[in-house]
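J.: need the 3D shape of this:
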Amino acid sequence: MNITTTISYPLSLRILSFLFVAIIFLFSGQIRSASVSAERLYEKYCAECHGAGRLGGMGPALLPQNLKRLRKNAAVEIIREGAPASQMPAFGEKINESQIQSLVNYIYTPLEKMPEWGMDRIRASHLIHHKPEELSEKPRFSADLQNLFIVVELGDHHATLLDGDTFEPIHRFRTRFALHGGPKYSNRGRYVFFASRDGWISKYDIYNLEYVAEIRAGINTRNLAVSADGRYVMVANYLPHTLVVLDGRDLSPLKVIPVSDVKGSSSRVSAVYAAEPRQSFIVALKDIPEVWEITYPPVGTEVPAFPIRRISLESYLDDFFLNQEYTLIIGTSRSGKSQVVDLDRGKVIRELDLSGMPHLGSGITWEYRGRTVLATPNMKQGIVSIIDMSNWKTIKRIKTLGPGFFMRSHENSPYAWVDVFFGPNSDAVHVIDKQTLEIVKTLRPVPGKVSAHVEFTKNGSHALLSIWDKEGALIVYDARTLKEVKRIPMSKPSGKYNVFNKLNRSSGTSH
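T.: Just a heads-up that it's a prediction; the model follows:
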């Protein structure tokens, strides 16, 4: 009995081991086969528009980082049925459900190595739509040029130029796929610059209602910033790990800046903002605990250097806010650590008592009892934190119906508005009295549909709110009585951006 056990046990173990290896081999072969099959499907049906390697072309890049707003089941439907608001055709009659699913799995698979998008490829993508001499110096419409809004409609990838006095659309035009990071103005509001998640940067002439130039500065882009004189545009990229400097006149590329620490470890870029009083760009890094200040040269400099000043931090910055004087950064990381960075002194001077995930990029300030306070919504908790900027203490946490994303006000308004973007109460918007720090009214403009992103007119008399739905709307409110004035149908209007408030760095809006 003991002899039989001693002999048979190793034999059975060897058999089991052989079967296990065989199964693994066959399974891995199936995976490779499925992958090859998906790659071939992609090459046959997708590469012509979406580019070799899924890096994008006429169509958007098909990478997980670029598809965050698109759920897999929605991707299946688009491949099967097509997308009416774009040039995406339906493939349901050409490939079966299994093939569609394999394609979806393939495009949501990360690349094995960092893709390259250097100066040669950037320069090759450059498009000039109109030369300066082809465009008039006078607007093609009558309106207060400082009280215009650009409204981004994500539902069908368009933007609307809106008159902020009459609330009548002036012109609606197509944009690149999935704009991201908020448009920026230059030249007293004549030009507006857009960034798409796929890295396309577009310059649009509001006076002539025409695109001037476009260029693809990255594969996955976070946002852009424009220098005060409109001369330079800096683009922040997730993929590849770069900053790209463009000439603000025609978007021709000037410099590609690799983003890495002194040891060579590279990083995604969380965001870039222009600090007008400092004649510099402020850059937050996603994977390196540093913030960069990059000074831009005056007009006429032959070879711009764009020197980098590195400031070491205690933690990474995922999101940040700049005070009105552009001397301080108030930033936070997804780990919950919030810190105040003194740009003049080049160091962290304070850690803040903020829990959850405050959305400091949407922070605003106002005067409260003789002192300046900073207010920020929270993307994980149903609170708005009010911080005394003289001592950095949290003086109040206002409870809301759920986590929020956007907060806005205006110097001439007694109220601050904050949405409840996440959770079951996403159709609600709170109106907060800036002196009592109490919620005075909760609006539900369209029950069951997300209400978000308020922006004010030039003088603060009206507040414009978005209904984030394919069949959505822009709702105009009297900013004092809180009564609805007008409802303008739009396709998932996300942000709206007032020329005067942006150019004058209103304390009630993001910069």
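J.: and the protein, what are its domains?
T.: In terms of domains, the chain is parsed into 2-107, 116-143+175-352, 359-511 (source: automatic domain parsing).
J.: what is the neighbour count of residue 116?
T.: Here the number of neighbours of residue 116 (other CB atoms under 10 Å) works out to 13. Every C-beta, even on glycine, is put in place using the N, C-alpha and C of the backbone.
J.: surely it meets residue 240?
T.: Yes: the pair residue 116 / residue 240 is scored as a contact, 6.3 Å apart, by CB atoms under 8 Å.
J.: follow-up on the earlier one: with distance to residue 154 and mean pLDDT added, can I get the domains of the chain in TSV?
T.: Formatted as TSV, the domains of the chain follow (distance: least, CB to CB, whole Å; pLDDT from 0 to 100):
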stretch	distance to residue 154	mean pLDDT
domain 2-107	8	66
domain 116-143+175-352	7	94
domain 359-511	5	96
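J.: could you dump those domains to CSV with distance to residue 155?
T.: Shown next, in CSV, are the domains of the chain (distance: least, CB to CB, whole Å):
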stretch, distance to residue 155
domain 2-107, 7
domain 116-143+175-352, 11
domain 359-511, 3
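J.: which stretch among those domains comes nearest residue 164?
T.: Closest to residue 164 of these is domain 359-511 (CB to CB; 4.7 Å).
J.: strands of the stretch 251-400 of the chain, residue ranges please.
T.: With strands called from DSSP state E, counting those that start in this stretch, the stretch 251-400 of the chain shows them at 253-258, 269-275, 280-285, 290-295, 308-312, 319-322, 328-332, 338-342, 347-351, 364-368, 371-376, 383-388, 393-399.
J.: quick one: closest of the ones you listed to residue 157.
T.: Closest among the strands of the stretch 251-400 of the chain, once you apply CB to CB, is strand 269-275, at 22.4 Å.
J.: now for the closest one, which elements pack on it?
T.: On a contact count with 3 or more CB pairs under 8 Å, 6 or more residues apart in numbering; DSSP states H and E, strand 269-275 meets strand 220-226, strand 232-239, strand 242-247, strand 280-285, strand 319-322.
J.: direction included, what does it pair up with?
T.: strand 280-285 (antiparallel) (DSSP bridges).
J.: pull stretch 79-92 out as PDB, backbone CA atoms only.
T.: Coordinates of each C-alpha in stretch 79-92 appear next as PDB, following Å, rounded to 0.1, in the frame of the first residue of the first chain:
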ATOM      1  CA  ILE A  79     -19.400  50.300 -33.600                       C
ATOM      2  CA  ARG A  80     -22.600  48.400 -34.400                       C
ATOM      3  CA  GLU A  81     -24.900  51.400 -35.200                       C
ATOM      4  CA  GLY A  82     -22.500  54.200 -36.000                       C
ATOM      5  CA  ALA A  83     -22.500  57.800 -34.600                       C
ATOM      6  CA  PRO A  84     -24.900  60.100 -36.400                       C
ATOM      7  CA  ALA A  85     -23.200  63.300 -35.000                       C
ATOM      8  CA  SER A  86     -19.900  62.200 -36.700                       C
ATOM      9  CA  GLN A  87     -18.500  60.500 -39.700                       C
ATOM     10  CA  MET A  88     -18.400  57.100 -37.800                       C
ATOM     11  CA  PRO A  89     -20.200  54.500 -40.000                       C
ATOM     12  CA  ALA A  90     -22.200  51.500 -38.700                       C
ATOM     13  CA  PHE A  91     -20.300  48.200 -38.900                       C
ATOM     14  CA  GLY A  92     -23.100  45.900 -37.600                       C
END
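J.: quick one, which of the domains of the chain is nearest to residue 162?
T.: Of all the domains of the chain, domain 359-511 sits nearest to residue 162, with 7.3 Å by CB to CB.
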